[in-house]
Structure formats: structure tokens, C-alpha cells
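**Student:** Below are the sequence and a predicted model for it; my questions follow.
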Amino acid sequence: MPELPEVETIVRGLRPHLVGRTIVSAKLSHDDVLRGVSKRKLVQALKGARVTGMTRRAKHAVIELDLSRLSRPSRPSRLSRPTRLVIQPGMTGSLIIHDEPLTAEEAKYAVLRAPLDDGRELVYRDVRRLGTILLLDEKGWAAYDAALGPEPLDPELTPARFAAIMASSKQAIKKVLMDQRKIVGVGNIYANEALFAAGIDPSKPSSLLTPHQNELLLSHVRRILQAAIDSQGTTFRDYRTGTGEKGNFQLELFVYGREGEKCRVCGTRLAHTHEIDARITVFCHRCQQ
Ligand SMILES: [Zn+2]
């Protein structure tokens, strides 16, 4: 699943093309990606909406919309403004702006198609439809945002606050690091990488981290997320940037995807387990304590 660096890359790539544009119409192929909004309501809201901003929160792309054209007496809007279209790309999901008409292959798995007033088209494509789409008014967004943990790259997340979050759970540190209610944006790839870089055993109870380990972990989480953003994210298979390119950070991974290979630091063969969180954890017995 696209994590913070991938979604940040998508948002940065799309923002200059989307902000200021008007969505001409919207077509949704399947409604199983929708959360808390009906297909009819979504399509109706998007038609004629002007994009006023685009940001990222956690692993979601957030498109801010001005629906004021809905305030015409004939179509009173019950959505308070501003309204946000929130897309969390799934493992097989991509959010791409197309300059050219879609090919049959591109159109095949297009879940949401939104032609823009400049002739281009915003497309959310998702082969397995593991992503989610929400439409939130101001109040809905406030509640959604409040349920998410702090952003790891936000300077307001001080080492002391990070340490307090880690101290609040006895679960494996890897699970806590990936718990979006504790801290957002970090998924399996970057949790594996950050724990390796910080030399921490991924199964170690979060509350047992030493002050030094907490400090190291936060600094490596930040360094790795930033480096991955600089490389436009990690492409293992499906992930593409907002303009359709592959990311490059897969070339810089130390453990994720390298189980059975030699540790790049000490040469020990990297181990792997699914026991921590049912997902693959790759680690070095020697470098991580
Ligand atoms: Zn090692």
C-alpha cells in the first residue's frame, strides 16, 4: 500500500495540475471503494466542483473542493464548505492525471474518472479496489483528522511526544509504528527500514524502548521518509507517481524485499517472519536488538 512518501509524491505531482481546475463530470465504475457516501451523492457533488487545494494527510490524498455552484436554490447543498474528496490509494491503486484520452487498458480498471475543464482527466485506477474514497464536509473531516495520529515529519511531533506515544503500548514496536492512530504514514516498507536503521528488534515491546532508541527511531523514520520522498517513493509493482512514473526508493532499501540476502551492514543473512503482524518483517539478527 502506498505509504506517506508515495502519497506525498502523488499530491506534489498533481497539485499544480489540479488546483484552480473545475471537474466537468464524474463517473464511478464501482461503489465498493466508497465510505460513508453514496455513488449518487459523490457524482453529484463532483460535477462542476472547483479544486481549491490539494494536500496529504497520513496515507490519503486530500482534494479540497468548492461546491458553491451547488448553492443555487434549485440544488441546495447540505454539505458544509469546504468539502474534501479523500482518496487512500490501495495496494493496486494509482491516482494519475492524463493528458491524452485513456487507452482501453488504462480505462479497464479506472474506478473514478473525472474529466477537467482543461481537457485532461483525473483518474483513480485500482485493479483490486483495495483503496477507499470518502467525501467529507468540514465537520466530517475534523472528526476523521482527529482520529489519526500525528504526522511524523511535523516538527510539532517532538522526541518527547514520540517517546510518550511509544511508551503507551506493550505491543511490538513494529505494530505501534504502523498504527495510524499512534503515528501516521508509516506502513510495512518504511517500518521495516526504520527499525533496521535504528538497530531495533521489530518484535520488542514498544514500551521497553530506551530513551536513546526512541530518539534514534524518530530520527531514522524522518530521514527515511524524506529520502523516499526525494526518490519519488518505492515502486515494487503497482505504485506510480501522479504523472505516471515509477518511484526509485526500492534501490535504496536495506531490508524490505531482501529476506534471505546478506545484510548490507554486517553480511549476516537477513531473517524474516510473519509472526509480528501477519505481514512480512525482514530483519538482521545481528544489527537489531
Ligand atoms: Zn546486519
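**Tutor:** Good, I have the coordinates. On a predicted model such as this, the values are computed, not experimentally measured, just so you know.

**Student:** Now residue 107: closest residue in space, sequence neighbours ignored.
**Tutor:** residue 113 (7.8 Å; Cβ to Cβ, 6 or more residues apart in numbering). C-beta coordinates here come from the backbone N, C-alpha and C atoms, glycine included.

**Student:** and the gap between that neighbour and residue 97?
**Tutor:** Residue 113 sits 12 Å away from residue 97, going by Cβ to Cβ, to the nearest Å.

**Student:** Just list the residues touching whatever residue of the stretch 51-200 of the chain ends up closest to the ion, thanks.
**Tutor:** Closest approach between the stretch 51-200 of the chain and the ion, counting by Cβ to the ion: residue 196, at 8.1 Å. For residue 196, the contacting residues are 254, 255, 282, 283, 284, 287, 288, by Cβ atoms under 8 Å, 6 or more residues apart in numbering.

**Student:** Quick one: classify it as helix, strand or coil.
**Tutor:** Assigned with DSSP: H, G, I helix; E, B strand; the rest coil, residue 196 falls in the helix class.

**Student:** now do the one 4 residues further on
**Tutor:** Judged by three-state DSSP, the three-state class of residue 200 is coil.

**Student:** Would you map the helices across the chain?
**Tutor:** Using DSSP state H, the helices of the chain run over 4-18, 39-46, 104-108, 138-146, 159-167, 173-178, 188-198, 211-230.

**Student:** Residues of the stretch 151-289 of the chain that sit close to the ion?
**Tutor:** 263, 265, 266, 268, 284, 286, 287 (Cβ under 5 Å from the ion).

**Student:** on that earlier part again, correct me if wrong: the residue nearest to residue 107 contacts residue 125.
**Tutor:** No. At 9.1 Å, residue 113 does not count as touching residue 125 under the criterion of Cβ atoms under 8 Å.

**Student:** Who has more neighbours out of these two?
**Tutor:** In this view residue 113 and residue 125 are compared by other Cβ atoms under 10 Å, and residue 125 has more residues nearby, 26 against 19.

**Student:** Looks like the more buried one contacts residue 98 (just checking).
**Tutor:** No. Proximity of residue 125 to residue 98 does not meet the contact threshold set by Cβ under 8 Å, at 9.9 Å.

**Student:** Name the residues contacting each of the two.
**Tutor:** Contacts common to residue 125 and residue 98, judged by Cβ under 8 Å, 6+ apart, are residue 106.

**Student:** In the protein, what helix or strand scores lowest on average pLDDT?
**Tutor:** helix 104-108 (a mean of 91; mean pLDDT, DSSP states H and E).

**Student:** Return the set of buried residues in that helix.
**Tutor:** residue 106 (16 or more other Cβ atoms under 10 Å).

**Student:** Stretch 242-260 now?
**Tutor:** 242, 247, 249, 250, 253, 254, 255, 256, 258, 259.

**Student:** for stretch 113-133, same thing?
**Tutor:** 113-116, 120-126, 129, 131-133.

**Student:** Other residues contacting the least confident helix or strand of the chain?
**Tutor:** Residues contacting helix 104-108 (Cβ under 8 Å, 6+ apart): 98, 113, 123, 125.

**Student:** hmm, try it at 10 Å
**Tutor:** Residues outside helix 104-108 that contact it (Cβ atoms under 10 Å, 6 or more residues apart in numbering): 29, 96, 98, 100, 101, 102, 113, 121, 123, 125, 127, 244.

**Student:** want to throw the residues you listed into CSV with pLDDT?
**Tutor:** Putting the contacts of helix 104-108 into CSV (pLDDT from 0 to 100) gives the following:
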residue, pLDDT
29, 97
96, 95
98, 96
100, 94
101, 93
102, 93
113, 98
121, 97
123, 97
125, 95
127, 93
244, 92
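
**Student:** Point out where the chain drops to low pLDDT.
**Tutor:** Along the chain, segments meeting pLDDT under 70 span 70-81.

**Student:** Swap in 50 and give it another go.
**Tutor:** 76 (pLDDT under 50).
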